[in-house]
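Asker: here is my input; please provide its structure:
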Amino acid sequence: MSQDTDEGQSESLSYGPWEPVIGLEVHAQLLTNSKLFCACSASFGAEPNAHTCPVCMGFPGVLPVLNERALEFSLRAGVATGCRIPPVARWSRKNYFYPDLPKGYQVSMFDEPLAVEGYVDIDTPDGLKRVRLTRIHMEEDAGKSIHDAHENHSLIDLNRTGVALMEIVSEPDISSPTEAGAYLRSLRSIVQYLEVCDGNMDEGSFRCDANVSIRRTGTTELGTRTETKNMNSFRSVERAIDFEIRRQIDLLEDGGRVVQETRSWDADRSRSTPMRSKEHAHDYRYFPEPDLLPLETSSERVEEIRSELPELPRARRARFVERYELPEYDAEVLTARRDLADYFEAAVGAHDNSKGISNWVMGDILRLVREGHLETALVIEKWPVSAEHLAGLVRLIDDGTISGKIAKTVFEEMHDTQDAPADIVERKGLRQVTDEGAITSAVDTVLEQQADKVAEYRAGKEQLLGFFVGQVMKATAGKANPKAVNEILRARLAPS
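Answerer: The predicted structure follows:
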């Protein structure tokens with residue numbers, strides 16, 4: 001399931017003789033209770049400046065203390081994405097002035113990050129593609145500037161200041177907006193499976209900056225790149241990248257040049273605008289963080305983390321296809337998030353009809369998830385219908401107790417009452433009519449009432465069979481076995 005319901009860009013995007021070169025920088029907020037270097041809460045949605053202390057507000061004389069859980073989560077992500085974990089990583093101060101950065105610098109990592117040389121695999125129309133990762137490093141988040149609350153001044157909320165982030169930087173291996181969306185979806189599934197980030201783009205806990213340049217197809221020299229920020233959905237990322245590619249093409253074809261800059265995406269206007277000139281690393285005056293010791297990671301710790309990793313999305317998808325004989329599409333939807341895959345397997349464990357259960361999960365269950373706005377939760381605490389009850393519903397269909405149509409009624413009642421499907425069927429008298437005599441009687445009554453339609457059918461208008469089936473089902477309150485209805489109708493309507 002795509003927790004972000006936006007559709008991807010069309011695969012038919014064409015840029016003529018130009019070739020896009022795209023690299024993505026993803027900031028994933030780590031699922032820690034407290035911030036990276038202090039005990040303040042990292043939870044979202046509090047009153048402005050409620051989760052602050054002298055450490056995250058940058059008061060003189062205070063010292064940071066590393067959140068060990070944030071380190072563990074970041075190492076877990078590095079190992080899961082095939083990164084090499086250097087024995088030593090070092091903290092640096094990234095210096096820049098902005099009102100929502102109270103210390104005047106951000107504690108990050110520069111030339112010695114936590115993890116390097118990993119990869120994320122994505123599916124493309126041409127097959128599997130590997131997007132290389134340059135690095136994964138840890139850093140603290142900045143605060144939030146609010147510019148539209150008052151006409152003459154901006155407001156600063158420092159609740160987010162110091163929250164633990166993991167920055168995941170890709171190589172410029174991505175060649176289209178669609179591939180960018182596929183990469184982000186794959187990466188988000190991985191961090192959600194690892195339970196290190198909830199992947200909520202709406203709340204900013206999974207954010208992406210896109211570095212985009214273009215070059216003539218067939219050449220290798222990179223063009224001038226721009227960085228686009230402020231994209232809060234997969235569709236926004238894809239649209240923003242497409243816009244930037246076309247903007248750069250128009251500039252170059254009109255004889256202009258691309259300026260290295262940072263741009264801000266405006267989703268309402270479907271366009272980006274310049275924010276500032278793009279900085280180089282030396283502009284930030286990186287230097288070693290004097291208040292934090294280097295991070296040492298032993299090979300034994302790396303192997304311990306590797307042994308504790310869960311089954312990841314791509315491996316689970318392959319297993320679903322092989323073990324449950326599901327189509328690739330079903331397996332991809334069901335394994336997009338860990339809790340959904342767990343739910344499906346729990347249901348199949350209670351009733352062995354994997355395709356039937358898959359159809360219900362991808363249809364009615366995900367409909368309820370969307371209606372309840374549960375797509376962005378890392379774990380759906382209370383599923384709309386329990387896995388055991390869904391399995392019971394499919395079992396009732398399979399053994400002929402109810403029809404597929406009646407099952408829809410039972411399902412809605414299960415959702416409303418949390419009762420077992422068998423109890424609902426008995427209480428409401430929804431058991432399917434399978435008695436041949438009763439169905440034959442209902443068929444005969446319908447055919448007597450629709451004598452003109454019977455004549456049309458026998459004259460060659462065979463599409464009326466569906467009409468007769470509908471009338472019989474209506475006469476039996478939807479309880480007649482549809483297969484039996486079809487068979488008896490065909491026999492009765494056959495030329496005498």
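Asker: what residues sit buried inside stretch 332-345?
Answerer: 332-341, 343-345 (16 or more other Cβ atoms under 10 Å). Heads up, the C-betas are built off the backbone N, CA and C, glycines and all.
Asker: now the end-to-end length of that stretch.
Answerer: 14 Å (Cα to Cα, to the nearest Å).
Asker: quick check, nearest of the buried residues of stretch 332-345 to residue 460?
Answerer: Using Cβ to Cβ, residue 333 is the member of the buried residues of stretch 332-345 that sits closest to residue 460, with 42.5 Å.
Asker: let me know the secondary structure of the closest one.
Answerer: Recorded secondary structure, residue 333: helix (DSSP: H, G, I helix; E, B strand; the rest coil).
Asker: where does pLDDT dip in the chain?
Answerer: Residue ranges of the chain with pLDDT under 70: 1-12, 149, 277-282, 373-381, 433-435, 496.
Asker: show me what counts as buried in the longest helix belonging to it.
Answerer: With DSSP state H setting the assignment, residue counts place helix 234-253 as the longest helix in the chain. Going by neighbour count (16+ other Cβ under 10 Å), the buried part of helix 234-253 is 234-245, 247-249, 252.
Asker: please enumerate the helices of the stretch 301-450 of the chain.
Answerer: Under the criterion DSSP state H, counting those that start in this stretch, the stretch 301-450 of the chain carries helices at the ranges 313-324, 328-334, 338-350, 354-360, 366-371, 387-398, 404-417, 421-428, 436-449.
Asker: right, and those - which one's nearest residue 209?
Answerer: Closest to residue 209 of these, according to Cβ to Cβ: helix 313-324, at 23.5 Å.
Asker: among the buried residues of helix 234-253, which pair sits farthest apart?
Answerer: Considering Cβ to Cβ, no two members of those lie farther apart than 234 and 252, which are separated by 27.7 Å.
Asker: give me the domain ranges for the chain.
Answerer: What automatic domain parsing lists as the domains of the chain is 18-305, 311-428, 436-493.
Asker: contact partners for the nearest residue to residue 298 once chain neighbours are set aside?
Answerer: In space, residue 298 comes closest to residue 87 once its chain neighbours are excluded; the distance is 7.4 Å by Cβ to Cβ, 6 or more residues apart in numbering. By Cβ atoms under 8 Å, 6 or more residues apart in numbering, the contact list for residue 87 reads 296-299.
Asker: what about 10 Å?
Answerer: Taking Cβ atoms under 10 Å, 6 or more residues apart in numbering as the criterion, residue 87 is in contact with 294-299, 302.
Asker: of the residues you listed, buried ones?
Answerer: Judged by neighbour count, with 16+ other Cβ under 10 Å as the criterion, the buried members of the contacts of residue 87 are 295, 297, 302.
Asker: burial measure for the closest residue to the last one other than its chain neighbours, as a count.
Answerer: Looking back up the chat, that one is residue 302. Nearest residue to residue 302 in three dimensions, chain neighbours excluded: residue 85, at 5.0 Å (Cβ to Cβ, 6+ apart). Residue neighbour count, defined by other Cβ atoms under 10 Å, stands at 21 for residue 85.
Asker: distance of residue 85 relative to residue 116?
Answerer: The spacing between residue 85 and residue 116, counted by Cβ to Cβ, to the nearest Å, is 8 Å.
Asker: what's the overlap in contacts for these two?
Answerer: Between them, residue 85 and residue 116 share the neighbouring residues 78, 136, with contact defined by Cβ under 10 Å, 6+ apart.
Asker: same for the longest strand seen in the chain, what does it pack against?
Answerer: Determined from DSSP state E, the single longest strand within the chain is strand 127-140. Counting by 3 or more Cβ pairs under 10 Å, 6 or more residues apart in numbering; DSSP states H and E, the packing neighbours recorded for strand 127-140 are strand 18-29, helix 68-80, strand 91-95, strand 105-109, strand 115-124, strand 164-170, helix 177-193.
Asker: relative to residue 54, which of those is closest?
Answerer: Of all the helices and strands packed on strand 127-140, strand 105-109 sits nearest to residue 54, with 15.2 Å by Cβ to Cβ.
Asker: circling back to that earlier point, any idea how far residue 286 is from the residue nearest to residue 298?
Answerer: As for residue 87, its distance to residue 286 is 21 Å (criterion: Cβ to Cβ).
Asker: could you do residue 437 as well?
Answerer: Note on residue 437: its distance to residue 286, by Cβ to Cβ, is 86 Å.
Asker: between these two, which is the more surrounded one?
Answerer: Between residue 437 and residue 286, residue 286 has the larger neighbour count (other Cβ under 10 Å), namely 17 against 7.
Asker: do you know how far that one is from residue 107?
Answerer: Separation of residue 286 from residue 107 (Cβ to Cβ) stands at 11 Å.
Asker: go on, residue 442?
Answerer: Following Cβ to Cβ, the distance that separates residue 442 from residue 107 is 76 Å.
Asker: hmm, residue 215 is touching residue 22, no?
Answerer: No: counting by Cβ atoms under 10 Å, residue 215 sits too far from residue 22 to count as a contact (11.7 Å).
Asker: in terms of neighbours, single out the busier of the two.
Answerer: The neighbour comparison of residue 215 against residue 22 (other Cβ under 10 Å) goes to residue 22, with 24 against 16.
Asker: that one pairs with what?
Answerer: Note on residue 22: beta-bridge partners residue 174, residue 212, judged by DSSP bridges.
Asker: pull the contacting residues for it.
Answerer: Shown here is residue 22, whose contacts under the criterion Cβ under 10 Å, 6+ apart are 131, 170, 172-177, 179-180, 183, 210-214, 225, 241, 244-245.
Asker: export the helix or strand hosting residue 209 to PDB, keeping only CA atoms.
Answerer: In this structure, residue 209 sits in strand 206-216 according to DSSP states H and E. This file holds the C-alpha atoms of strand 206-216, laid out as PDB (Å, rounded to 0.1, in the frame of the first residue of the first chain):
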ATOM      1  CA  PHE A 206      10.300  12.100   6.200                       C
ATOM      2  CA  ARG A 207      11.500  15.000   4.000                       C
ATOM      3  CA  CYS A 208      13.200  15.100   0.700                       C
ATOM      4  CA  ASP A 209      15.400  17.600  -1.100                       C
ATOM      5  CA  ALA A 210      16.000  17.000  -4.800                       C
ATOM      6  CA  ASN A 211      19.200  17.900  -6.600                       C
ATOM      7  CA  VAL A 212      18.500  18.100 -10.300                       C
ATOM      8  CA  SER A 213      20.600  18.800 -13.400                       C
ATOM      9  CA  ILE A 214      20.400  18.000 -17.100                       C
ATOM     10  CA  ARG A 215      22.800  17.100 -19.800                       C
ATOM     11  CA  ARG A 216      22.600  16.100 -23.500                       C
END
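Asker: in that strand, which residues are buried?
Answerer: 206-215.
Asker: repeat that for stretch 58-73.
Answerer: For stretch 58-73, the neighbour count (16+ other Cβ under 10 Å) marks 62, 64, 66-67, 70-71, 73 as buried.
Asker: so can I have CSV of those showing distance to residue 97?
Answerer: Shown next, in CSV, are those (distance: Cβ to Cβ, whole Å):
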residue, distance to residue 97
62, 20
64, 20
66, 25
67, 26
70, 26
71, 28
73, 30
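Asker: other SSEs contacting whichever strand or helix holds residue 472?
Answerer: Secondary-structure assignment from DSSP H and E places residue 472 in helix 465-475. Applying 3+ Cβ pairs under 10 Å, 6+ apart, one finds that helix 465-475 contacts helix 436-449, helix 451-458, helix 482-493.
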